[in-house]
Every structure is written in C-alpha cells, then in structure tokens.
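K.L.:
structure for this input, please:
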Amino acid sequence: MKNPTAKHDLLLFAFEYPPVSGGIARLCAEIGSGLAQTHNSARVLTQECAAATRPDGLQEVRVSSKRPLREWRAFQWLRKQQRKTPIICGLWYPEGLIAYLARIRPLIVLAHGAELLPTVDRWRRPLWNALQRLVLENADLVIANSAYTQSLVSRMAPKTQVETIPLAVDPDRFAPADREFAKKKYGVTGKHVLCTVSRIYRYKAHDTVLRAIANLAPSEREQLVYLVVGKGPYERELRKQAAELGIESHVRWLGFISEEELPQVYLASDLFVLCTRDAPGERAVEGFGLVFLEAQSCGTPVVGTRTGGIPAAIRDGEGGWLINQDDSRKLTNIIRQLVHSPELFRQVGVQARKRVLREATWKQYMRQFSALVQTAVATHQAREAGTTAAERLSPHSEEHLMDLTTQGRESVKEVNQRLKSIQLLSRSQLDDLHFDWEVAYASAIKQSLPGSAERETLFAAAYGGLTTILREMRARDGRDLDAPMGFNSAHFNSIVEIAGPAPRTILDVGCSAGTLVRALIAHGYDAYGIDISEDLVSKARELARNSFGQDLSERFSVGNFLRHDFGNQTFDFIHSNDVLEHIHSDEASAFLSKCRRLMRPGGVLWLITPNRLTGPGDATTLRLPWGTPAIGLHLKEYTLAELSTLLRQANFCQVESRLFGAGRGRRPTKPRTIYARIKRAAEPVLGGIPFHLRRRIMGVFDYSLTIARA
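P.N.:
The predicted model follows:
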C-alpha cells in the first residue's frame, strides 16, 4: 500500500544499481522495487548506463558515470533537493559521504562487509578511517546485512546506530524447476554438478574446491563437473592449478552470465560451493553471500565456510553445510556423499527451499526494512522538533507502519496449519511461528467488529494457540511448564498491602494458570480468576485442586472478561496484569468501565500494562527493533497520560502511581496521585532521549503500574 501523505520524497542513492551487476546492485534493486510499492514520490539517484532498467523500479535520476564527475554531479543534484528528505545510501562511500556533505537528512546507510575493512594503502588509512567514522556515526541508521557486518560497523565507528537485517531472495525468480532441462542447456546431462558463482579472486577460494575434487577417486571424479561462473584476475592461475591437479576436463569456465540466466545455473547444479577466506589484509571478506540464498531458493543445497557473514546465509544441517576455511578434506567428503547418495542432496535441497520461504524472502526483508526506516525517520524528526518518536508514529503513522510491516503476512489459516506440526519445528522455527501467529491474529482481530462473534472466536483461538506455542518453547528451553505466565511474584506483598486485610474479595483478570488466585486463597482472601484460554483455566483448576485438596473450579472462569456475566458479584480489588494492551482500542474504554462497575465503593484497580514509550512488549521484537510500534497481540500500548484519560472517562476518581518500583534491595514506594502527575509530565521529555536509556529509566520509575481507585 502506498503512502500518499508522505510530506517529503524518499531517495535511494546507489551507484551500484541495475543494470549494473553484483550483489549490492541486486539488493538496491529489490529495495527500490519495495519502496516503489509503498511511496508515491520515491526516487533513485544513480549513474548513467546504456542498458534499460527494470520497469517496476523507482523513478530514476541518472548522472554521468565518469569519475570524479559522477560524484560532483550527484552532490550538485542533492544540494538542490529539500534538506529534510530521507535518503538511503547503498554504501557509506562515496554515496553516504556525498549525502552527508550535501546535508540531506535523515541519513540511512547500508553496510555490506568488505567496504568497512581498512584500506590496503597504509598512507590513506587515517583519513579513510576518519571519514568512515564521520559518516557512520552521523547517520541516523546503518543497516547491516549480518551480525558479522554489524560488528565491523561497531568496531570502526562505536557510536553508530546500527541494526541488522539478513539479506533475502526473490523466491519466484529463484525457484525449483526442470533440472534436466537446465543440465542439458549447459551440456552436463548425467553428471553430478558443482558450481560457484562469484568473481574470481584469490580470497574466494576456488582453489579449495579444485583440491577437494582432486582428492576424489578417479571413478568418482568421472561422474563430476564443476561449473565456474564469473571472471577475475585469479582465473589464469586457477586454470593452471586445475591442469596441474589433472582435473581440467572436469571444470567448465562459463565467465560472466546475465542476471536472467543465473537461476538456470543453480538448477543445473546439485551442489553450490563457495569457500571464501577471511582476507582482511586484501580488504576482502564475505559480508553475507547472497548467492547462497539464491541457490537454496532454487532447491540446491550449499556449502560455505565459517567466515565473515556466511553463517547468516547458511543454517548448518538445514539446507546446507558449513566447513572451516581451507578445509578441502571436509569438502571432499561432502562431494563424495553427493556422488554416492544424490537423493540425500535432493532432500536437503527441499529443506533449503522451505527455509528460504520461511525466513528469507524480499517481502520479509522489506517488512523489517520499512519498519527500521520509518522509526529512524520519526526519531530524526522528533529530535529536530523536540517531540517524541512515539508521538511521530501515532496515530496515522502507526497504521502506515502496520501496512509496511505486514506485507507478505501469513494468514490465520496458514499459521494454524504450522501449529499442527509444532513438535517438528526447531527452536528458531518456534520463534518464527510465535511472531507470525501474533501478527496474523492481531491483523484479523483489528479487522473484526466490536462485540462480534468473529472477534470472540479470534481472541479465543489466538490465546489458545499462543499458550501452546509458549509452553512448547518452555519445554525446549528446559523451563518449568507450570511456572506462572504474566504474574510477578515480587508484586504479591504490594498487592496485599493495597488490597487491605483478608477476607477481601479479589478478581484476577487474565489469571493464566491461577498463581495469584491460589496465593490469595492461601492467605485467606476470597479470590477468583478469569482467562480467555480454556487450557490455562483447566490448568488453574487442576493446580488449585492439587494445592487445597478440594474442587475450586467455580473460582476460575473461561471467557472474555468483557462478555462474561458476573451476575451480582462485586469486588474490592481487581488485578489486571498485561491485559489491557491485548484489547482492541475500540473496546479499551468498555474494559475499564466494566472494571469500575464491578467494584465496591472504595475499590482498587491494579493495572499493569507496558508503557508505549518502552515498547513494544509483544512478539514484534522477535524480528523488528525495540521502539517499533507493536504489530503483534499487543493491539494497543498506552502512555501513562493516555491511560489516565481513559481511567477518568471510566469514572475512576483517583489515578495513582509509584515513584519507584522494587529493585536491588529497594522497596517500592507507596502509590500517590502526585507521583502519577510527575510521571505524566516527564513523558514528553523521556520520549526525546535515546530508546535504550529511556527504557532503563522508565523501568526504574515503574511506568508499567497504575493504581485507580473507585
């Protein structure tokens, strides 16, 4: 969905852009296509090229390709643009430096790996390092392609705001197809085929593959062909080495091939191999390795080395193998297994394709990319305007971010299908399911009507499935399956102190497995609980029966608090821990009003809900950065000021807060109205400071707890 209300153009500045070839150009092309779908006025600034570009990309502005005229023309053009124009630079140099000097802001820079290493010319290093630090640390955001690349950024420019998004692939373009047709095209029918797609440099370690082939028995080599795609200065030496090893007849040198032809090369291959070395002295490193994903997306298993960012592109044992640098013997064993058990490699290729579809499509990449860019732009604008980033993202921009971050989102039906196979999922796949489950159900719930049977059904299914996922995660992590979810036992003494002496009547809304209710009953309170999850309530009843030796089922109700009929029952104290944020904003007032109606005179509402300025508190952070508006089952997070307004509208007469929460031997302060006023007044100031510092400060001051009195 496009953003027709964008106040400023969005610029992509990349000299490496189609029809220029290479990994960076392919990445910038995909970013351009994604931005073209979400921004009406986005443009790309790049260099002139004779060949035509893709029709689905951005509006193009091209300058001379001759250096240094190219850089000067780009600088001149940027100086004529609005200064407050978000700009995404393909590299820190020269694009990032030019944009910085042209004073275009907010500035976002892509980081790939090799360009971050010290220059080979020692006399240039001091100036080069200083320029690099200047650009990176003054950028509003640097987006790295792997944890390894992020570490390079942080090492060279420690104050940089850097985030990581692993690269992705187009699964429709790089897709399984007729392998025999592809093999026939390259004249390798009936052979087991290895391939490497890369420029031919020494650090790319083609020689490791040659030695591995030479280590095979002659009868094994006869069944093998190695396709080398690419050209480079090391090719002549490699050809000589192949001849010396006696394997030149098994190597085909294909040179450069077109981008359109790449999928056919992967399809003709039974195994993709790229054994890159770390060679910082040559200013050479594999920051990620997009070719690994392309091959896997075609259903071709891969082998790579544990160097640079390659481990981010290959999951060892799930679609490919990781070996140590220069380990030709290990590679020989893998190739020998291909010769003798080709069916195994076809199965591994199927796994590779599934992993790409699950984790590494461009739609998934752009979902994260757009969220990071949106947050960086909002933070920059907030810093200049003196407002908070959270205010900039709400309410309209938050809805726009939802559009951006849910492109390619799985449906409720799809995530339920995956839930059926939960026992077969790996631990990382469980995290993926957790994220997709929350996002899918959150989207469906937001589209349902208030009070409708559809919303009721969606809520019940969402939290029933979420409970199953969380319990499975606990089991895999070796944690207690019956440990309380959503209840902090450290709060118990404070609850008792504020509720007053037993026997007071207390209701726990969102009681989970009934931990608080059981503790209150044991202390003489008349306690009850309600939860939307039937599984959790069943567990609560079972644990209560085991604890007290009697059936206390009537104390635990299953259902939606808003729809549940409590009859004439009223309460002295209502405990709501992490519930309000899960309720659709169009029913938040109804929730608080019902709490108020169920209260006896002088009753107290203990309300814990994450503050919007410290969030998100749901599964959003499994893929998106802290500070991003929640897109999971936290349907709406609130500031204390917003919450206070809702409570007053629900006819609560007094809103209180603690100045400090408990921590490091410190007792929590008693809640006071004045503390709530002070904290509300501080929120605009806190919203303007860096997120991680803000989150720490607001945690100390316990912004998540609010006390409301009837």
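
K.L.:
would you map the helices across the stretch 101-250 of the chain?
P.N.:
125-138, 147-156, 179-185, 206-214, 218-221, 235-244 (DSSP state H, counting those that start in this stretch).

K.L.:
give me the contact list for the longest one.
P.N.:
By Cβ atoms under 8 Å, 6 or more residues apart in numbering, the list of residues contacting helix 125-138 from outside reads 92-93, 96-97, 100, 107, 109, 111, 116, 118-119, 142, 153, 156-160, 162. No exception for glycine: its C-beta is placed from N, CA and C like everyone else's.

K.L.:
tell me the buried residues within those.
P.N.:
Among these, the ones that count as buried by 16 or more other Cβ atoms under 10 Å are 92-93, 96-97, 100, 107, 109, 111, 116, 142, 153, 156-157, 160, 162.

K.L.:
before we move on, back to that, just checking, which of the contacts of helix 125-138 belong to strands?
P.N.:
107, 109, 111, 142, 162 (DSSP state E).

K.L.:
now the angle from whichever strand or helix holds Thr379 to strand 107-111?
P.N.:
Taking DSSP states H and E as the definition, Thr379 sits inside helix 362-385. On the basis of axes from the mean of the first three to the mean of the last three Cα atoms, to 10 degrees, helix 362-385 is oriented at 140 degrees to strand 107-111.

K.L.:
please convert the ones in strands among the contacts of helix 125-138 to TSV, extending it with distance to Asp572 and pLDDT.
P.N.:
Formatted as TSV, these follow (distance: Cβ to Cβ, whole Å; pLDDT from 0 to 100):
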residue	distance to Asp572	pLDDT
Leu107	56	97
Val109	57	98
Ala111	57	96
Val142	54	95
Val162	51	90
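
K.L.:
closest one of those residues to Arg73?
P.N.:
Nearest to Arg73 among these, counting by Cβ to Cβ, is Leu107 at 19.5 Å.

K.L.:
wouldn't His250 be in contact with Val228 here?
P.N.:
No - checked against Cβ atoms under 8 Å, the pair His250 and Val228 is beyond contact range at 10.9 Å.

K.L.:
stretch 574-590 - what's its average pLDDT?
P.N.:
Taken as a whole, stretch 574-590 has a mean pLDDT of 92.

K.L.:
how about that stretch as CSV, C-alpha atoms only?
P.N.:
Presented in CSV, the C-alpha positions along stretch 574-590 are these (Å, rounded to 0.1, in the frame of the first residue of the first chain):
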residue,chain,number,x,y,z
ILE,A,574,-9.3,-6.1,40.6
HIS,A,575,-5.9,-7.2,39.4
SER,A,576,-5.2,-6.8,35.7
ASN,A,577,-1.7,-7.8,34.6
ASP,A,578,-0.8,-7.4,30.9
VAL,A,579,-4.4,-7.5,29.7
LEU,A,580,-5.4,-4.0,28.5
GLU,A,581,-2.8,-3.9,25.8
HIS,A,582,-4.3,-7.1,24.3
ILE,A,583,-7.7,-5.5,24.0
HIS,A,584,-8.7,-3.7,20.8
SER,A,585,-8.5,0.1,21.3
ASP,A,586,-12.2,0.4,20.4
GLU,A,587,-13.0,-1.7,23.5
ALA,A,588,-10.5,-0.3,25.9
SER,A,589,-12.9,2.1,27.5
ALA,A,590,-15.5,-0.6,27.8
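
K.L.:
quick check: buried residues in it?
P.N.:
574-584, 587-588, 590.

K.L.:
likewise stretch 76-91?
P.N.:
Buried positions in stretch 76-91, judged by neighbour count with 16+ other Cβ under 10 Å: 78, 81, 85-91.

K.L.:
how far does that stretch stretch from start to finish?
P.N.:
19 Å (Cα to Cα, to the nearest Å).

K.L.:
for that stretch, what is the average pLDDT?
P.N.:
Mean pLDDT, computed over stretch 76-91, is 93.

K.L.:
not counting its own residues, what contacts that stretch?
P.N.:
Contact partners of stretch 76-91, identified using Cβ under 8 Å, 6+ apart, comprise 8-17, 24, 27-28, 31, 45, 61, 63, 95-96, 98-99, 102-110, 112, 115, 373, 376-377, 381, 384.
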